[in-house]
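Visitor: Quick one: sequence plus predicted model below, questions after.
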Amino acid sequence: MIAKFFRAAFGKPASLGSLQPRTIPAKRYGLHRTSLSPASLWVTEQLQLAGFSAFVVGGALRDLIVGMTPKDFDVVTDATPQEIHALFKRSRIIGRRFQLVHVMKGDIIEVSTFRRAVTQGPDAPASDERGRIISDNVFGTQSEDALRRDFTVNALYYDPSTEIILDYVGGVRDIENRLLRVIGDPSLRFREDPVRMLRAVRLSAKLDFQIDEAARVPIASMAHLLNHVPASRIFDEMLKLLLSGHAQEGINRLRAEGLHHGILPMLDRVLEQPMGQKFVELALLNTDLRIREGKSVSPAFLFATLFWHDLISAWHDVQLQSDSSVSALYEAMDQVMDDLTEKLAIPRRFEIGMKEIWGLQPRFELRSGHKPVRLLAHPRFRAGYDFLLLRCESGEVDMELGRWWEQFQVSSESERKQMLVQTASPHRRKRRKRSVSSQVKQ
């Protein structure tokens, strides 16, 4: 009844397609409607009660089948964005390339409408001169929606009311074979959206799947298309890779496919240096461990580690033309960030965090007077200290410096004074000797 009213007001998607799905009982993979988040279950139920079809789709279902815990649950329906928005009071329509609806129910559930891929005719999606789709709002059927998705493992639909999985493109078989396969012609699909190449690498690393050979082969010759993708989309995909819990493997696979050249070209310079390679690998390993343990991770900290050795190189070059090491450091920061934001569009809040972490590093070497106590009170002290420990572990800085700061944090006031005296005196003697030496020379 409600659905009929909405159809009269907003129109109806295209007629049913002919492709028939394979139906698979969800219990075969240990799935139950309670496997879903309460918010996603509620959204699908409300859509179905209103007379629409509704399914949990994509990555969440894929992750549940392989035994992972999904971060997000997406819903797809035959309701249009306007119908969805009218049904849920706490919702909003978003998106330009194609419209989605965010429904707020504790969590944010992203709800999309079945769409179809159209390559010719008046309904064909707008694209640029390289074939990248820039507008895509043609509604369709569920089978058409499955065919326009990127990978077979992301084109599965779960109906919580029947507890049945619908598979139009062999996605379940590919999950069982641990294979990441593109739906359709990989070259055409990558040209439509070059970010799919990054997504292929990220998912293969996260799931420990092999990229299908037909999809892997064209990547090397099409990697340059990423240069024409908005930097904000590149940043979003890279952030997903780095926070996937499999960042180390993701970066390795990114380099193996040659996809980093247009995004993170400085990684070659960093990873070709033994110390830089060890530093980045330690940072990625620690990040992966924290994520798998359910601990928080700072994107600013992570990006600061990735480009620290690039900053060191720029800092060295600037110091050759500067009288101040500190001013040279901040000038080098600006240079590195200018290069990064052009490729990645790093948000301002992360850029500020990166610079603060970098800027604290020289201050850890100052262990006399009131400087160490003031440094302890800095809001970014913990992040800066963790960064220092990575530098110590990689061999860039003497481990003694890290141990000193570890002890200084837990020491009493009197013990701290003693530590300051012990470290400050030799430096003072050296400074006096240099001063005398300089007077003799004059």
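Guide: The structure has been received and is ready for your questions. Remember, predicted model here, so these are calculated numbers, not experimental data.

Visitor: Enumerate every residue touching residue 145.
Guide: Contact analysis of residue 145 by Cβ atoms under 8 Å, 6 or more residues apart in numbering lists 76, 114-116. No exception for glycine: its C-beta is placed from N, CA and C like everyone else's.

Visitor: pretty sure it belongs to a strand, no?
Guide: No - the assignment for residue 145 (DSSP: H, G, I helix; E, B strand; the rest coil) gives helix, which keeps it out of a strand.

Visitor: can you list the domain ranges for the protein.
Guide: Under the assignment automatic domain parsing, the domains of the chain span 1-177, 184-263, 275-434.

Visitor: Would you tell me what the next helix or strand after the worst-scoring helix or strand of the chain on mean pLDDT is?
Guide: Taking mean pLDDT, DSSP states H and E as the measure, the chain has helix 2-10 as its least confident helix or strand, at a mean of 46. Next helix or strand after helix 2-10 toward the C-terminus (DSSP states H and E): strand 22-25.

Visitor: Going along the chain, name the strands of this protein.
Guide: Under the criterion DSSP state E, the chain contains strands at 22-25, 54-57, 74-77, 91-94, 100-105, 107-113, 126-127, 133-135, 156-159, 164-167, 179-180, 210-211.

Visitor: Which positions within the fourth one qualify as buried?
Guide: Buried residues in strand 91-94, defined by neighbour count with 16 or more other Cβ atoms under 10 Å: residue 91.

Visitor: In the sheet, which strands lie alongside it, parallel or antiparallel?
Guide: Here strand 91-94 has these sheet partners by DSSP bridges: strand 100-105 (antiparallel).

Visitor: For the strand it pairs with, the averaged confidence score.
Guide: Averaged across strand 100-105, pLDDT comes to 96.

Visitor: what does that strand contact?
Guide: So strand 100-105 is in contact with 38-39, 42-43, 81, 84-85, 88, 90-94, 108-112, going by Cβ under 8 Å, 6+ apart.

Visitor: Of those residues, keep whichever come out buried.
Guide: 39, 42-43, 81, 84-85, 88, 91, 109-112.

Visitor: got a list of what residue 114 touches?
Guide: 13, 76-78, 139-142, 144-145.

Visitor: How about residue 373?
Guide: Here residue 373 is in contact with residue 416 (criterion: Cβ under 8 Å, 6+ apart).

Visitor: Which pLDDT value goes with it?
Guide: 94.

Visitor: Repeat that for residue 137.
Guide: For residue 137, the model assigns a pLDDT of 63.

Visitor: do the same with the one 5 residues further on
Guide: With respect to pLDDT, residue 142 has a value of 95.

Visitor: Poorly predicted segments of the stretch 151-300 of the chain, please.
Guide: 261-274 (pLDDT under 70).

Visitor: make it 50
Guide: Filtered on pLDDT under 50, the stretch 151-300 of the chain yields no residues whatsoever.

Visitor: before we move on, what about the stretch 1-150 of the chain?
Guide: Across the stretch 1-150 of the chain, the ranges flagged by pLDDT under 50 are 4-17, 120-124.

Visitor: what's the burial count for the closest residue to residue 217 other than its chain neighbours?
Guide: Leaving aside its sequence neighbours, residue 217 sits nearest to residue 186 (Cβ to Cβ, 6 or more residues apart in numbering; 7.9 Å). Residues near residue 186, counting by other Cβ atoms under 10 Å, number 23.

Visitor: shouldn't residue 186 be in contact with residue 213?
Guide: No - here residue 186 does not reach residue 213: they are 9.8 Å apart, not a contact under Cβ atoms under 8 Å.

Visitor: how close does the closest residue to residue 81 other than its chain neighbours get to residue 82?
Guide: Nearest residue to residue 81, sequence neighbours excluded (Cβ to Cβ, 6+ apart): residue 99, at 4.4 Å. From residue 99 across to residue 82, the span is 9 Å (Cβ to Cβ, to the nearest Å).

Visitor: so what sits against both of these two?
Guide: With Cβ under 8 Å, 6+ apart, residue 99 and residue 82 have common neighbours residue 93.

Visitor: OK, contacts around residue 408?
Guide: Contacts of residue 408 by Cβ under 8 Å, 6+ apart are 367, 372, 376, 416, 419.

Visitor: Those into a markdown table, with extra columns for neighbour count and distance to residue 169?
Guide: Output for those, formatted as a markdown table (neighbours: other Cβ atoms under 10 Å; distance: Cβ to Cβ, whole Å):
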| residue | neighbour count | distance to residue 169 |
| --- | --- | --- |
| 367 | 19 | 62 |
| 372 | 20 | 61 |
| 376 | 14 | 57 |
| 416 | 17 | 64 |
| 419 | 16 | 65 |
